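In: model the following, please.
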Amino acid sequence: MSRAATVWRCLKPYGWLCLGAAAIVLIEANCELLLPAMMSTIIDEGVRRRDMELILRTGGKMVLAALAGIACVLGRNVCSGTASQQFGAGLRRELYAKLLRLTEAGAGQLGDASVSTRVLNDSDQLAKSLNSALRIGIKTPALCLGSIFYAMRMDAGLSGVAAVVVSVVLALIVWYMRLSGRRFHRVRSAMDRVNTTVQEFLRGVRLVKALGLEQEQDGRFQEANHELTQSGIQLQLLSAWFAPLITLTVNAGIVILLGLAGLWSVEAGKVSALATYMTRLLTSLMTLIDVFKLLIRANTAAVRIQEVLELPEERNPDHPSALRETGPTLEFQSVRFSYPGSGGRTALDHVSFSVNRGEVLAVVGPTGAGKSTLAKLCVWLYAPDVGAVRLNGQPMEVLSREDIRRQVSVAGGQGWLFSGSVRRNLSIAAPDAAEEDLWTALRDAQADGFVAQAGGLDAVLEQGGVNLSGGQRQRLALAQALARKSEALILDDCTSALDPATEQGVLAEVWKRREQAVVLITQRLRNARHADRVLVLENGRVLGLGKHDELLESCPVYQEMWRAQIWEDERDEAQR
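Out: From the prediction side, this is the model:
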């Protein structure tokens, strides 16, 4: 089975609609093919013999065939339209469900812009392709084969011309498909690059303007746009000369047919019918080219969608254990971890610690020490290569992902806010929280003041919280984590955008959270010194674990960081 074949399993629930559309299309095609044969009967037998009864009787049959064809058109449009739209909707549902299950590594494997294009554009391309395939993809081959069949019934000798024409055209189509398939794939890849360039600019527009990088960004876009334009031109040029070549081939066949009919003294009605079948054959073959173009695009889209469906995803254990308290709330036991694709470079190396409910563990270290990596392992976004991460004494690998995420809350420095109200954003983290609980979380995060001024819990936020300042976004993201009643709370540099007074107010509330185990990841040692214990990391290794005063005596790295930050604080105080 090809990589793209599994995409079509989404079509299985609508198989009967597709079969119904196919059957109706075959009846429709047969109704159309009967008309030239009946017209030949009218000309050769009715008109020549002046048999009005035969003319009326055959003409009545033609009217019935035409009406039946119209009814079939309506029926197959209903079936094909319903099947294709339901297929597209089902495909988008499956893709979105897949995105929700992606691992941290899988989420960034293809890039945001490419995934967005695949979920929306490529799934829509497949739905349109299915609709067209059920309408013209079945009808066109049926008309081609039917035209040859009816022509052979009327005159086997002359119908050989049609068979030769079809053979030549099919050979040309196979060659065309090979060329256009590669070119269309280049077009889609170039489109991904344009989307990526535009999205990166929109996300970093402030930085681009601040650094005066408009010309550089314009150059990147022009390069990607030029690649897309050239790929599209090459694809269009291939189609531009191919269609006239097919027309020339079929028209040459019609000329040969008429010449042979004159030499062999074929009856006028048969000549008319055969010419009509050849014309119908030309029309069908021209349409068949469009069908093959559609199939090429559909196959490319299916392969691209299948690449999304094959991304690594999180999986629950076959028989997850029930969460119960048998040990420390959060514990690392000799954890070693390397990011996928890092070439084996260790991000965490034999890290061990534990933190119980009511305790605050501060994690400090220079940039690149592995602090944020530690936070990701706390919520099982990654699994360790060696060692174990335990929640309430149980290894996380035996727990369901839902239990882990429900019992471990995270607030990061780059928290994301969804469009909608403040209430909606807080309720995402705590769907069962009462309004008073939401206000308590806002007060603990020092966010109640500006939220009340903005209109309370029903104040509207734009996507990403762009209508808020950086500090306000951080405080709302922190309130999300505080609103959830979890066993462990991970604060990953979540106060970096706050002024010192607000930051101290937030941390004062954190120290009071005795019902949770708190892991405070910070660059500022003046915040870490009030924690029950401090974990010092450097290059993924534990260099010290203990109280602030103990580390000032025993850990050289901690001593150096403390001296540097004390000097900075004294300098800032002097400047003020």
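In: now the helix or strand where residue 174 lies: average pLDDT?
Out: Per DSSP states H and E: residue 174 is located in helix 156-203. Per-region confidence: helix 156-203 scores 79 on mean pLDDT.
In: just checking, next helix/strand downstream of that helix?
Out: helix 205-211.
In: would you mark the buried spots in that following helix?
Out: If you call a residue buried by 16 or more other C-beta atoms under 10 Å, then helix 205-211 has these buried ones: residue 208. To be clear about C-beta, it is placed using only N, CA and C from the backbone, and glycine gets the same treatment.
In: show me what that helix is packed against.
Out: With contacts defined as 3 or more C-beta pairs under 8 Å, 6 or more residues apart in numbering; DSSP states H and E, helix 205-211 has no helix or strand neighbours.
In: distance from it to the middle of the chain?
Out: Distance of helix 205-211 from the chain centroid (C-alpha atoms, centre = their mean, to the nearest Å) equals 28 Å.
In: following that helix, which helix or strand shows up next?
Out: For helix 205-211, the following helix or strand on the C-terminal side (DSSP H and E) is helix 214-263.
In: how far is that next one from where the chain is centred?
Out: The chain centre lies 31 Å from the centre of helix 214-263; the measure is C-alpha atoms, centre = their mean.
In: quick check: mean pLDDT of it?
Out: For helix 214-263, mean pLDDT is 83.
In: that helix packs against which elements?
Out: Using 3+ C-beta pairs under 8 Å, 6+ apart: helix 214-263 touches helix 156-203, helix 268-309.
In: and the last one with helix 214-263, angle?
Out: Meaning helix 268-309. Inter-element angle recorded for helix 268-309 and helix 214-263: 150 degrees (by axes from the mean of the first three to the mean of the last three C-alpha atoms, to 10 degrees).
In: right, and the helix or strand after helix 268-309?
Out: Downstream of helix 268-309, the next assigned helix or strand under DSSP H and E is strand 330-338.
In: I'd like to know which elements the helix or strand following that next one is packed against.
Out: Of the helices and strands lying after strand 330-338 in sequence (DSSP H and E), the nearest is strand 346-355. Counting contacts by 3+ C-beta pairs under 8 Å, 6+ apart, strand 346-355 packs against strand 330-338, helix 371-378, strand 386-391, strand 517-521, strand 533-538, strand 541-546.
In: try 6 Å this time
Out: strand 330-338 (3 or more C-beta pairs under 6 Å, 6 or more residues apart in numbering; DSSP states H and E).
In: direction included, what does the strand it packs on pair up with?
Out: When pairs are called by DSSP bridges, strand 330-338 turns out to pair with strand 346-355 (antiparallel), strand 386-391 (antiparallel).
In: elements contacting the helix holding residue 174?
Out: helix 112-117, helix 139-154, helix 214-263, helix 268-309.
In: now the residue nearest to residue 393 when sequence neighbours are not counted: how far from residue 514?
Out: Here the nearest residue to residue 393 in space, its sequence neighbours aside, is residue 327; by C-beta to C-beta, 6 or more residues apart in numbering that works out to 2.3 Å. Distance of residue 327 to residue 514, computed by C-beta to C-beta, to the nearest Å: 19 Å.
In: OK, contacts around residue 541?
Out: Taking C-beta atoms under 6 Å, 6 or more residues apart in numbering, we find residue 541 in contact with residue 349.
In: bridge partners for it, pull those for me.
Out: Going by DSSP bridges, residue 541 is paired in beta bridges with residue 538.
In: nearest to residue 24, out of the helices and strands packed on helix 156-203?
Out: Shortest separation from residue 24 across the helices and strands packed on helix 156-203 is recorded for helix 139-154, at 9.8 Å, computed as C-beta to C-beta.
In: name the residues of the closest one that are buried.
Out: 139-140, 142-144, 146-148, 150-152, 154.
In: just for the stretch 1-150 of the chain, where's the confidence low?
Out: Residues of the stretch 1-150 of the chain meeting the criterion pLDDT under 70: 1-6, 8.
In: quick one: the helices in it?
Out: Per DSSP state H, counting those that start in this stretch, the stretch 1-150 of the chain has helices spanning 15-41, 48-49, 52-101, 104-107, 112-117, 123-132, 139-154. These are given in chain order.
In: who wins for proximity to residue 393 among the ones you listed?
Out: In terms of C-beta to C-beta, the element of the helices of the stretch 1-150 of the chain nearest to residue 393 is helix 104-107, at 24.9 Å.
In: mind listing what's buried in the closest one?
Out: Within helix 104-107, the residues scored as buried using 16+ other C-beta under 10 Å are 106-107.
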